[in-house]
Every structure is written in C-alpha cells, then in structure tokens.
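Chemist: sequence first, predicted coordinates after that:
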Amino acid sequence: MNDKLVFLGLLYFVQGIPYGLQSSLLPVYLRGAGHSLTRIGFTKILYFPWVLKVLWAPWVDRLSTKRWWLVGTVSGLALTCLSSAALAPEAHIWGVAGTLLAMNTLASVQDIAVDGAAVGLLKGRGELGLGNTAQVVGYKAGSVFAGGGLLAVIDVAGWSWMFMLLTFVYAGVALFVWGAPVLDDETVRGQQADGSKKGGQGADAMRPWRVWRKLLAVPGTPWTVLYVLTYKLGEQGAVTMFPLFLLDHHMTARELGFWNGVIAMGFSICGSSLGGLLLAQFSIGALMRRVFVLRTVSMVFQSSLLTVLEPSPLMKGMAVLSMSVQHFLGGLITTLTFTTMMHCTQRAEESIQATHYSFLATLEVLGKLTFSALAGGVVDWFGFQVAFLFFLTLSAGTALHVWTATFTGALREHQLKDQPK
C-alpha cells in the first residue's frame with residue numbers, strides 16, 4: 001500500500017505544479033503590473049485543456065499502457081519547462097501564456113492516465129480514503145511548491161533558474177515512473193484484454209455517443225454530476241478574490257505569497273490529510289453534512305473582514321486566520337469529494353472506469369474554472385462586499401444540497417454501504 005501512495009502522491013505532486021504557477025504566481029504578477037481583476041480572471045482560459053480532456057479520455061483508456069502515457073506526458077512537461085527557461089516574462093507574456101497552456105494540456109492527459117491507474121490500484125474503502133488523500137495532498141503540495149515557494153524566491157533566483165529546477169523535477173519523476181513496479185499489474189494496463197474485447201472497445205471509442213450513454217447510466221452519476229459542478233462555486237470565488245483584496249489594501253505580493261501561497265495551502269494539505277483519516281472512521285455522508293455547514297460559517301467570518309480597509313496587524317492576523325480556516329475546510333471537502341467520485345466510478349464497467357472518472361473530474365474543473373473566470377468581473381462590477389454576499393449565498397445553497405442528499409439522495413447511508421469495502 002505504501003508503494004501505491006508514494007507513486008500516486010508523486011505523480012499528483014508534479015500535476016499540481018502548473019496549477020500553482022497559474023493560480024498563485026501569475027495573478028500576483030499581473031496585478032502588480034496593474035491589470036484589472038476582470039483581465040486576471042480571463043487568464044483562467046489557460047485551464048481549458050482540462051475541460052476538453054474528457055474528449056480524449058477514451059483513447060488514453062484503450063491505447064497503449066498507463067506507464068507509456070505517464071512517461072510521455074511527464075517527459076513532455078520537462079521539455080516544456082526547459083524551453084520556458086529561455087523566456088523573459090516581461091517581454092514574452094504571450095510566450096508565458098503558451099507555456100502554461102502546453103503544461104495544462106500535458107498535465108490533463110497525465111491526469112487521465114494516473115486516475116485510471118488509481119481506480120485499478122485502490123481496493124476497499126480504506127485504500128480509497130488514503131489514496132484520495134495522496135491525490136489531493138500531492139496535488140496541493142505541488143501547487144504550494146510552484147505557487148508559494150517559487151513566488152517567494154523568484155526575485156532572487158530568477159525566472160530561468162526556476163524553470164530549470166522544474167525541468168529536473170519532471171525528468172526525475174519520468175525516470176521514476178519508467179521503473180515503477182506498481183504498474184506491472186495487468187489491471188492498470190489500459191484495460192488490455194483479448195482481441196475480440198479490445199475490438200469492441202475500439203468500436204465504442206469511434207462511437208462516442210455509446211460511451212456517453214454508458215457513463216450516464218452508471219448508478220449515482222446524475223447526482224454526482226450536479227454536485228461536482230456546484231460544490232466549489234462560492235468557495236472558489238472567495239479563494240480567488242480575497243487574496244487580491246488583501247493585495248489592494250493590506251499585504252505586499254511577497255507577504256501574500258507566503259501567507260496565502262504557503263501557510264494557507266499548508267492548512268489545506270492538513271485538511272486533505274485529515275479527510276483520509278476521518279473516512280476510515282466515519283461515514284462520508286455525515287462528514288460532508290457537517291463540513292459544508294462549517295465552510296459556510298467560515299465564509300461569513302471572511303466576508304465581515306471586507307469592511308476593514310485600513311491596514312493593521314490585527315487585520316492581517318484575522319485575514320491569515322480566515323484564509324487558513326477556509327483552506328483547511330476546502331482541503332477536507334476536496335478529499336471527501338474525490339472519494340465520492342471514485343466510489344461512483346467503481347460502479348462503472350471496468351472498460352470505461354478511467355473515462356468515467358475523467359468525465360467527473362472534467363466537470364469538477366469546469367465548475368471551478370467558469371466561476372473563477374467570472375468572479376473578477378463580478379467584483380469589478382458590484383464591489384467586494386456585494387460579490388462576497390453572492391459567494392456566501394452559493395456556499396449556503398451547496399450545503400443545503402449536500403444535507404438533503406445525506407437523508408433522501410445519493411449520500412444516504414444504506415446506498416453507501418453497497419460501495420466496495
């Protein structure tokens with residue numbers, strides 16, 4: 001089991017690096033250069049490959065092996081970082097955007113392969129909880145490393161050295177995956193069955209409507225689709241905009257990189273880790289019901305801080321506390337969510353499991369991406385206070401949606417008992 005966790009955690013770590021670069025480093029850089037919140041919000045379009053990944057997921061499911069796809073995509077990320085080391089962001093902003101677009105494209109393909117491997121590797125509720133903890137913690141650790149750690153030292157080390165470091169990180173992980181023994185098991189080799197079965201799968205890949213029918217027919221999928229599209233809406237608006245409010249009124253870019261990019265994300269990782277431990281002891285429905293209520297309360301506290309515009313040590317302390325609590329609860333919710341998604345996927349036929357999980361993960365990204373792109377415009381148009389009232393309303397609505405499902409919907413206890421143990 002430890003080998004599985006190390007393998008998955010390392011792959012999700014390098015997968016989180018592009019997100020950290022774009023979500024933490026790029027907004028601070030652009031805001032410091034005087035760009036509007038609306039324009040910063042529209043940089044989220046660079047995440048678009050994550051929305052499209054469900055289109056090529058069937059091919060990753062059926063062609064070659066998971067090892068081949070993982071080594072190829074991670075090696076491609078190393079080459080992309082190597083080419084990026086020659087760019088100067090001040091003079092080549094479009095080159096930087098192209099680099100991030102390429103990194104997101106490669107990381108999205110890598111995600112399909114590693115998710116498919118995880119579905120095959122993790123067995124039983126205990127392994128699912130720990131495996132999804134490794135997924136979320138690894139991804140967020142990569143995000144912290146790129147968006148917090150590198151932001152804090154970029155003024156000293158420089159852009160080129162930063163991307164040279166990333167080149168060596170990706171190259172090392174590619175070599176590790178090439179020799180990883182956990183991929184020797186045939187259950188994670190891209191569903192390579194006998195010739196007749198393989199031919200039938202290929203026919204399905206050429207007729208995507210058949211795959212879509214199979215995906216939507218999996219028990220629990222309709223509720224899970226609605227949930228993953230909406231569960232982060234209010235939180236995502238606050239997480240995206242509150243740091244920029246602090247940059248405008250209370251903190252420097254370096255302070256923000258440390259407190260939001262490192263400390264708050266550290267709390268997020270703690271929350272994600274706790275989620276895996278709690279899943280081994282308590283039902284997922286009971287956990288989600290309580291944590292979503294706590295998240296709504298934390299957003300009430302954070303929204304109240306928007307009335308304070310004068311810088312002070314007390315305000316900085318309250319802001320750091322608010323971000324830390326919000327990230328802690330967000331990390332816990334993310335682990336619970338990805339475990340719920342994997343529970344649902346394991347009900348699907350083996351031949352479409354990676355595609356099914358990628359479908360849910362794509363919708364999860366789409367919900368967050370769409371709202372993140374629009375959040376800046378909402379703040380520019382209505383102001384921080386009105387916008388955060390809207391974010392709070394969305395968060396409360398999601399809590400009600402989850403609360404109802406634990407009693408009458410997909411999260412009812414007797415339904416969850418039918419999941420693999």
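Modeler: Yes, it's here. Remember, predicted model here, so these are calculated numbers, not experimental data.
Chemist: where do the helices sit along the stretch 201-350 of the chain?
Modeler: Taking DSSP state H, counting those that start in this stretch as the test, the helices found in the stretch 201-350 of the chain are 208-217, 221-230, 233-249, 253-258, 264-279, 284-304, 313-345.
Chemist: flag every buried residue along the fourth one.
Modeler: Under the neighbour-count criterion of 16 or more other Cβ atoms under 10 Å, helix 253-258 has 253, 256-258 buried. (Glycine included, C-beta is placed from N, CA and C.)
Chemist: which helices and strands does that helix pack with?
Modeler: Judged by 3 or more Cβ pairs under 8 Å, 6 or more residues apart in numbering; DSSP states H and E, helix 253-258 is in contact with helix 26-32, helix 150-157, helix 233-249.
Chemist: report the inter-axis angle for the last one versus helix 313-345.
Modeler: Using axes from the mean of the first three to the mean of the last three Cα atoms, to 10 degrees, the interaxial angle of helix 233-249 with respect to helix 313-345 works out to 150 degrees.
Chemist: could you dump the helices of the stretch 201-350 of the chain into a markdown table and include mean pLDDT?
Modeler: Formatted as a markdown table, the helices of the stretch 201-350 of the chain follow (pLDDT from 0 to 100):
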| stretch | mean pLDDT |
| --- | --- |
| helix 208-217 | 70 |
| helix 221-230 | 88 |
| helix 233-249 | 84 |
| helix 253-258 | 75 |
| helix 264-279 | 84 |
| helix 284-304 | 90 |
| helix 313-345 | 88 |
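Chemist: select, out of those, the one closest to residue 54.
Modeler: Proximity to residue 54 (Cβ to Cβ) singles out helix 208-217 among these, at 9.0 Å.
Chemist: just give the nearest non-adjacent residue to residue 295, would you?
Modeler: residue 329 (4.6 Å; Cβ to Cβ, 6 or more residues apart in numbering).
Chemist: that neighbour and residue 121, how far apart?
Modeler: 28 Å (Cβ to Cβ, to the nearest Å).
Chemist: again with residue 2
Modeler: Counting by Cβ to Cβ - residue 2 and residue 121 are separated by 12 Å.
Chemist: for those two, work out which one has more neighbours and name it.
Modeler: residue 121 (22 against 7; other Cβ atoms under 10 Å).
Chemist: could you tell me how many residues sit around the residue nearest to residue 295?
Modeler: 22.
Chemist: my guess is it contacts residue 294, does it?
Modeler: Yes - using Cβ atoms under 8 Å as the test, residue 329 is close enough to residue 294 to be in contact (5.7 Å).
Chemist: mind listing what residue 178 touches?
Modeler: Residue 178 sits next to 67, 71 when contact means Cβ atoms under 8 Å, 6 or more residues apart in numbering.
Chemist: same thing but 7 Å
Modeler: Going by Cβ atoms under 7 Å, 6 or more residues apart in numbering, residue 178 touches residue 71.
Chemist: can you pull the pLDDT of it?
Modeler: Model confidence at residue 178, given as pLDDT, is 88.
Chemist: thinking again about what came up before, could I get the buried residues of helix 253-258 as a markdown table with distance to residue 288?
Modeler: Shown next, in a markdown table, are these (distance: Cβ to Cβ, whole Å):
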| residue | distance to residue 288 |
| --- | --- |
| 253 | 35 |
| 256 | 31 |
| 257 | 32 |
| 258 | 31 |
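Chemist: which of those residues lies closest to residue 323?
Modeler: Among those, and counting by Cβ to Cβ, the member closest to residue 323 is residue 256, at 9.7 Å.
Chemist: just the residues contacting stretch 237-245, thanks.
Modeler: Contacts for stretch 237-245 (Cβ under 7 Å, 6+ apart): 27, 31, 37, 256, 260, 299, 302, 306, 323, 326, 330, 371-372, 375, 379, 384, 387-388, 391.
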